[in-house]
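Undergrad: Here's a sequence, model it:
(chains A, B, C and D)
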Protein chains: 2
Amino acid sequence: MQNIKPQRVLSAAEAVGPQVYRILREQIIQAELTPGERISEAEIAKSLSISRQPVREAFIKLSEEGLVQVLPQRGTYVTRISTASVMDVRFVREAIEADIVRQVAGEHTAGTVRELRDQIARQKQVPQDDRAAFLRLDELFHHTLAAAAGRAYAWSVIESVKAQMDRVRFLSVDDIQIGRLIDQHERIVDAIAAGDVGKAETALRTHLREILKSLPEIARARTEFFDGVA
Amino acid sequence: MQNIKPQRVLSAAEAVGPQVYRILREQIIQAELTPGERISEAEIAKSLSISRQPVREAFIKLSEEGLVQVLPQRGTYVTRISTASVMDVRFVREAIEADIVRQVAGEHTAGTVRELRDQIARQKQVPQDDRAAFLRLDELFHHTLAAAAGRAYAWSVIESVKAQMDRVRFLSVDDIQIGRLIDQHERIVDAIAAGDVGKAETALRTHLREILKSLPEIARARTEFFDGVA
DNA sequence: ACCACTTGACTTGTATGGTAGTAGGCTAGT
DNA sequence: ACTAGCCTACTACCATACAAGTCAAGTGGT
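TA: I've put the predicted structure just below:
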C-alpha cells in the first residue's frame, strides 16, 4: 500500500536538516517569522511531517548565525534585530568585500565588466515597488564580484554572516533608495573598468555604509522588531 | 591502550555537543587526529560514554568548518589540508584584521599599546622549541587587537574560520621563524603607537602573509597531511 | 579462473522515548 | 482576599531504536 503523503515539500535527495534550516532562515529574513516569536521543535516537526531531530539541527545552525536564541528547557525564540550586531556584520562584510573589489580592479578583465554592466541594466528595469527582486539582483551583483576575484570561499563567509543585514534590508520602506544604490554600483564598476583600485575600494565601502544611514530610521519605525538597547 | 576511566571528562554544566566539538577540533588542529583518518560517531560516543547524537552535532559543525568531511552512509573523515583552502582562509582573515588594525591605529590609546608591548616581551621569553606556547601568545596578540577595536564579533568570525591556518602552523618545523614573527608584531605595534594607519595596515598584511612563504615547504615535507591538488 | 550475486557488518540519517528543568496556573491553607 | 507550594504542560537535551545506503568479502554457477 503506497503511503500517499500530502505533497512532501522536502526533497528526498538531500538530508532533511539542512533543508529545514534554509526554510526557516528564509522565513526569518523575510519577517514571516517575526522577531521575538517563539518557535518549537515539535511544532515545526509536525507541520513538516518529520521528526524533531532534523529541526533541532536546524535550530542549532540558526542560533550560531544569531537568528534564533535557544534557551535550554525553556524555548527557542526568533531574535530581535540588534542594531549593534547589524553593524558588526556590516564591518566584517565591508572588510572582506573591500579586498575583493581591490583585487578585481587590479586584474580587471573586460568580461566581468561587461557582465556587471549588464546586471546594472537589469537592476534599472526593476519596478520601484519590487524590493525583493532588487535585493536578489543586488545579491547577484556582489556575488559576481567575489566570483570574478576567484573568492568563492570568501563569499561563502559573507553569506553565512550577512543574514542580520538582510533582515534589515527587507524591512526598508523607502523605494527611492534603490536608485541611489544602483548609482553606487555604477561607480564601483566604473572604477573597476578604469583599473583604479583605490577608487573602487572607496566606492564599495561607501556603498556598504549606506545601510547605516537608514538603520536608525528603520529601528525607530519598527521598534517591535528591534531589541531595546539602541 | 584504552584511555581514561569511565569518570566523566565532560562538564555537566554545559551541553555535551559543543564540548565534543571543541575536543575534536583541538585534536584535529594538533594533528592528533591525522588528516585522512576515519572517525565514526559510534566510536567516539563510546569512548566518551555518551550517545551518538551529541557527537553527530559536533561532526556537523566540524564539517561546516571544513575540518571533517561527512559522507552519508559511508563515513566521516578528517579532511586533508588543502593549500587552496588555507589561502582562502588567510585572505579572509587578512581582510578583516586589516580593517581592525586600521581602526586601532586611528584611535590609538596608550593602554592598549602598553598591553601589546607587554605581550611582545612575553613572546620573547618563550623557549625556541615550545611552539605551542608561542602560538597561544600569538593568538592572544591578535585577539587583543580585535578587542581594542571593540570588534569582538569580527574576532569570532576569524576564530571560526582560522582553524585551517592553525593546522598548518602547528606543523611548522623551523623554530627560527618565531623571531621574525615577533619582529613583525613589534612593527605593527610601533605603527599603532605612532598612529600611522597605513603603516600599521601594511605591517599586519605582511605579517599574515608570512604563512604563504612556509606553506609550500610544509606541504612538501608532510605530503601525507595534504591533499593532492597542489 | 572468472564474474554476477548475496550477505552481513559497517556507516550516517531519521524517528521516538525518556529525563531534567522551567513557567505559570491552580489549589490548599491562612 | 491573599499567598505559598504543588501540579501540569511544555521545553530542549540526550539516549536509544530503526531505516537506508555502502562496501567488501564470500559464494555458487559458468
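Undergrad: for stretch A:60-68, how far is the first residue from the last?
TA: 9 Å (C-alpha to C-alpha, to the nearest Å).
Undergrad: Run through who's touching it.
TA: A:21, A:24-25, A:28, A:39, A:59, A:69-70, A:76-79, A:85, A:160-161, A:163-164, B:17, B:57, B:60-61, B:64 (C-beta atoms under 8 Å, 6 or more residues apart in numbering or on different chains). Yep, even glycine has a C-beta here, placed from its N, CA and C like the rest.
Undergrad: In stretch A:217-227, which residues are buried?
TA: Within stretch A:217-227, the residues that count as buried by 16 or more other C-beta atoms under 10 Å in any protein chain shown are A:Ile218, A:Ala219, A:Phe225, A:Phe226, A:Asp227.
Undergrad: Can you tell me which helices and strands the helix or strand hosting A:Glu26 packs against?
TA: Using DSSP states H and E, the element containing A:Glu26 is helix A:16-29. Applying 3 or more C-beta pairs under 8 Å, 6 or more residues apart in numbering or on different chains; DSSP states H and E, we find helix A:16-29 packed against helix A:41-48, helix A:52-64, helix A:163-171.
Undergrad: hmm, the first one in reach of chain B?
TA: This means helix A:41-48. No - counting by C-beta under 8 Å from any C-beta of the partner chain, chain B is not contacted by helix A:41-48; separation bottoms out at 13.5 Å.
Undergrad: tell me which residues in that helix are buried?
TA: In terms of neighbour count (16+ other C-beta under 10 Å), helix A:41-48 has its buried residues at A:Glu41, A:Ile44, A:Ala45, A:Leu48.
Undergrad: what about the helices in chain A?
TA: Assigned by DSSP state H, the helices in chain A fall at A:16-29, A:41-48, A:52-64, A:83-106, A:110-125, A:131-148, A:152-161, A:163-171, A:177-194, A:197-208, A:210-221.
Undergrad: got JSON lines for those helices, with mean pLDDT too?
TA: JSON lines is the format used below for the helices of chain A (pLDDT from 0 to 100):
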{"stretch": "helix A:16-29", "mean pLDDT": "95"}
{"stretch": "helix A:41-48", "mean pLDDT": "92"}
{"stretch": "helix A:52-64", "mean pLDDT": "95"}
{"stretch": "helix A:83-106", "mean pLDDT": "97"}
{"stretch": "helix A:110-125", "mean pLDDT": "96"}
{"stretch": "helix A:131-148", "mean pLDDT": "95"}
{"stretch": "helix A:152-161", "mean pLDDT": "97"}
{"stretch": "helix A:163-171", "mean pLDDT": "92"}
{"stretch": "helix A:177-194", "mean pLDDT": "95"}
{"stretch": "helix A:197-208", "mean pLDDT": "98"}
{"stretch": "helix A:210-221", "mean pLDDT": "90"}
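Undergrad: Looking at those helices, which is nearest to B:Gln53?
TA: Of all the helices of chain A, it is helix A:52-64 that lies closest to B:Gln53, at 7.8 Å by C-beta to C-beta.
Undergrad: distance between that closest one and the chain's centre?
TA: Centre-to-centre, helix A:52-64 and its host chain are 19 Å apart (C-alpha atoms, centre = their mean, to the nearest Å).
Undergrad: Give me the buried positions along it.
TA: So helix A:52-64, judged by 16+ other C-beta under 10 Å, has buried residues A:Pro54, A:Val55, A:Arg56, A:Glu57, A:Ala58, A:Phe59, A:Ile60, A:Lys61, A:Leu62.
Undergrad: any idea how far the third one is from DNA strand D?
TA: Right, the one you point to is A:Arg56. Between A:Arg56 and DNA strand D the distance is 6 Å, computed by C-beta to the nearest atom of the strand, to the nearest Å.
Undergrad: pretty sure that residue contacts A:Ala42?
TA: No - in this structure A:Arg56 lies outside contact range of A:Ala42 using C-beta atoms under 8 Å: 10.2 Å.
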